[in-house]
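Chemist: what follows is a predicted structure for the sequence shown.
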Amino acid sequence: MKLQGTYKFKASQEKVWEVLTNPRHLEKAIPGCEKLEEIEPGKYDATLKIGIAGIKGTYKGMAEVADPQPPHKYRLIVEGGGSPGFVKGEALIELSHQNQSTTVSCQGEGQVGGLIAGVGQRLISGIAKMMLGQFFKQIGKELKAL
Amino acid sequence: MPAKQGGKWVGKGLKRKEDLRLLTGRGSFMDDIRLPNMKYAAILRSPYPHAWIRGMDISQALKVSGVRGVLTGDDVAAMSQPFPVGVPIPPKYYSSAVDKVRYVGEPVAVVVADSRYIAEDALDMIEVEYEPLPVVMDIEEAAEPDAPILHDNIGSNIYSHRFFQYGDMQKAYKEADLVVKGKFLFPKYGSTPIETYGVIASYNPFNAEFVIYNNYQGPFVNHSLVAIALGIPENKMRWIVPTDIGGGFGTKTGLYPYIALIALAAKKTGLTVKWIEDRREHLLASATGTDRVTYMEAAVKKDGTILGLKDKAMDNTGGYIRPPEPGCAYRSTGNHTGAYQIRNLDREVMVVGTNKCLTAPNRGYTCQELYFSVERLVDMVAAELKMDPAEIRFKNFIQADQFPYTTTTGGVYDAGDYPKAFQMALDKIDYKKIRKEQQQARKEGRYIGIGLATVVDPSVTNIAYVSLALTPDQRAKGHPKSGSGESVIVKLDPLGKAHVIACTNPQGQGHETVISQIVADELGIHPDDVTVSDVVDTHDRVYTITTGSYSSRFASVGVNAVVAATRKVKEKMKKIAAHLLETNPEDIETKEGKFYVKGSPDKSILARHIAGTAHWNQSALPEGMDVGLYASSLLSMPTSQPPDQLDRVDSSNTYGFIAEAIVVEVDPETGQVQFLKWASVHDAGTILNPLLLEGQVMGSIAHAIGGTLYEEWAYDENGQCLTASFQDYLVPTAMEVPMVDIGHVETPSPLTALGSKGAGESSTMSVPVAIANAIADALAPLGVAINELPLSPNKIWHLIQEANKQK
């Protein structure tokens, strides 16, 4: 499952970078995120509650900001599992600045397994896209609140 | 050949005795059984298709209020043995994963709790640490040397691999004018019975005995296998099957590992444990038929004579191989050349493993895969020779005067008249006229196609076929296998009413009704005076390892057993009558419940008086005779023999015939297939009950429509099952099943007491290829090749687009 999107923010590249790598903001922005705790620099323990294709469940896992090159790019690695199955994803997040706004492009790949794959795979890429949209919308709100 | 039974009841469309209780919701199924202090199990299943289990923490689950215990893979390994399976190197197949998972949905732990709700909640509290491994999902890739290996002890993913030569294929090639080749792909599908799997197990430590209620399709060989896995003698494991089973279709033979698993959970917790499979579990991890890749070629003469076949078939039993596999590769050996006089055959068979769920016999047990190749290829030969596909079939048919006909692979076809049945199917669709209409339609831009298939319908498998997995030399070192046993006890009460105790364990076929009809005819009583108990209870039924309901065996060997036992009772009644009437038993004749002296009908005694005497007055019986009135028979088909040195085997013991003639119209814009006409002609020997036969044929057609157009147990490239609900695993409803003109030819079998033979699976074998042939015929002007299923609108549309691109 491929994930793709570009999002624009009226803020400096440094500010966007700060929000995109700060667990305080991420916790609010990640859809269904109940807890995000930094266990070591760039690595977080996460608990997510998500419903996909009528299957609600709690996923426990970790998120990692890998190979950070502030304020340009990093790799975001997410892994989680729970009773409905597991989710795994890796995305390249790139930031660029032009005409006073920062563009964030996200290119990644996700994999789901277990029950959610068995009953919801048809719907998942749509849901993932929607969640990605929700995430960046909230990031925009966080930026404005700064 | 026995005369066609002209009984008063046999052959009549008697309504089913079963229907009143079933239609009023009074059936007794697995979930209707509630035992005292019963607890409930839920199964934790792997979300990974291939992974090491590096750790499991059940401590939190055990703390949940109401949880009574958790069974893990470590427990399963400590408390049981792997199931034995007849391949050179068996994988270690336990009832749950032990240290590795090999398909999504494989059981990894069982929670036992006061309710199913609590058990399922507790599953969430079990932490399993998986180390994912690369997966292999494709049959041909699985056989490659660099494929990820599922079982280290085997060292490859090839479970079984053999070559066979029958006749002289080299000679056939020399004599042939041309060779026509094809590659055919058959999907993985399963029949999804309305009632899912169910098990209730308890263990009594005082006599070391398990009592297990389950909805399995017989004791079959699997009662033995579960006993071996549990490390107990068979007489320490009682299986009880409820009166009603909501569909089997072979799928329920995949239940047995769960019988072992729940039995272990019961033993570990010391409780009576119930598990009812839910639909998602069923669609992830019950059992399907095998998917198959077939390369097949035919050596033919210009006049259409098929001299020989050469094929390579690769089956896929998934993450493990378990009995009765590798039967998938060998079960249709005797009828491999179908309805034709083909004397030369070279076969290569391979059974491989991939990270998919496991297999069991289903719907014709690989005859649908076989005929999909054979009958597609026959059409392709006809197209190559510009022959009519009906004509090439007539040209190659075994003829009515050739029966019993021994095939080159050792099958002994008992009876049939293939040209007659096929002609009936052609007449029903007005074949010549429809061919002309097809030409006209093409001119109008409409895509009408006619699909034919003529196949042999094997019933009563001979267990011998499983030993073909071993070479003749390997077999010589072991013990030969053969047989197809069935058992029946008939007893008469003091008023002459009959009680039949059978072990055929029906799943909706109507055995109660047919047994009543047969016994009524034999004894001259009314079917209402016959009560039938046809369920498995291994402690009070007699059986052999082949007993049960599978491979359409009731109308052949089941009926033989019913007739044999009833006739034994009747013989005893004649002896009693002769004694009372002071004559010889051979001088006694019977009519409508009366036993009388030949030539003196006034010297008679009523059957119920004979029965009364047997029970009430032993002093009136002939000297030395046992009291009471009962007889049993536990018999097999005499033609069930082990394979010979040349790997020839009569893999089934009776063989019916099916001719399908289907007219479709394909919408090239949408890929939608519409049925315009459909004739399905069957020869299942003497018809026992036309109403039931009609129902079974129609049911097999509905299943086959699913298998042809809709169903596929689909996986993504990462090994995730994509069809774990009926949203994605499509099955036909009444709306998708057209009216079919069903016809019958009755060629009585010489091997069965009443001339009847099995018909339950029938069209599941012939319809997939008949529809495929019809669609291929419809789209022939577009140059579309049809060699795979399911033929969903989506797939047909894509095939049309591809063909257009190539133009």
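Modeler: Okay, I see it. All values reported here derive from a predicted model rather than from experimental measurement.
Chemist: tell me which parts of the stretch 1-150 of chain B are close to chain A?
Modeler: Counting by CB under 8 Å from any CB of the partner chain, the positions of the stretch 1-150 of chain B adjacent to chain A are B:45, B:46, B:47, B:48, B:49, B:104, B:105, B:123, B:124. (Each C-beta comes from the backbone N, C-alpha and C, glycine too.)
Chemist: give me that answer again for 10 Å
Modeler: Selection of the stretch 1-150 of chain B residues close to chain A by CB under 10 Å from any CB of the partner chain yields B:44-49, B:51, B:104-105, B:120-121, B:123-130, B:132.
Chemist: ranges for the strands of the stretch 451-600 of chain B?
Modeler: B:486-492, B:498-502, B:530-534, B:588-591, B:594-597, B:600-606 (DSSP state E, counting those that start in this stretch).
Chemist: may I have stretch B:7-14 as CSV, with CA atoms only?
Modeler: This file holds the C-alpha atoms of stretch B:7-14, laid out as CSV (Å, rounded to 0.1, in the frame of the first residue of the first chain):
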residue,chain,number,x,y,z
GLY,B,7,-39.9,-50.9,-5.4
LYS,B,8,-43.0,-49.2,-4.0
TRP,B,9,-40.9,-46.5,-2.3
VAL,B,10,-37.5,-46.5,-3.9
GLY,B,11,-37.5,-44.2,-6.9
LYS,B,12,-40.4,-42.1,-5.5
GLY,B,13,-39.9,-38.4,-4.7
LEU,B,14,-40.7,-38.9,-1.1
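Chemist: now do the buried residues in it.
Modeler: B:9, B:10, B:11, B:12, B:14 (16 or more other CB atoms under 10 Å in any protein chain shown).
Chemist: average pLDDT for stretch B:372-381?
Modeler: Averaged over stretch B:372-381, pLDDT sits at 98.
Chemist: now that stretch: buried residues?
Modeler: B:372, B:373, B:374, B:375, B:376, B:377, B:378, B:379, B:380, B:381.
Chemist: and for stretch B:410-427?
Modeler: The neighbour-count check on stretch B:410-427 (16+ other CB under 10 Å) flags B:410-419, B:421-426 as buried.
Chemist: go on, stretch B:53-70?
Modeler: Neighbour-count burial for stretch B:53-70 [16+ other CB under 10 Å]: B:53, B:56, B:58, B:61, B:64, B:67, B:68, B:69, B:70.
Chemist: residue 37: what's it in contact with?
Modeler: You didn't pick a chain, so chain A it is. A:23, A:27, A:43, A:44, A:45, A:46, A:47, A:62 (CB atoms under 10 Å, 6 or more residues apart in numbering or on different chains).
Chemist: was after chain B, sorry
Modeler: Per CB under 10 Å, 6+ apart, neighbours of residue B:37: B:202, B:271, B:272.
Chemist: out of the residues you listed, which is most surrounded?
Modeler: residue B:202 (22 neighbours; other CB atoms under 10 Å in any protein chain shown).
Chemist: next one: phi and psi at residue B:365?
Modeler: phi 30, psi 70 (degrees, to the nearest 10).
Chemist: apologies, that question was intended for residue B:717.
Modeler: The phi/psi pair for residue B:717 (degrees, to the nearest 10) is phi -70, psi -10.
Chemist: which residue packs closest to it, ignoring adjacent ones?
Modeler: residue B:137 (6.4 Å; CB to CB, 6 or more residues apart in numbering or on different chains).
Chemist: quick check, residue B:472 in contact with residue B:478.
Modeler: No. Residue B:472 lies out of contact with residue B:478 (CB atoms under 10 Å); the separation is 11.3 Å.
Chemist: with neighbour numbers in mind, choose between these two.
Modeler: More crowded of residue B:472 and residue B:478, by other CB under 10 Å: residue B:472, with 13 against 10.
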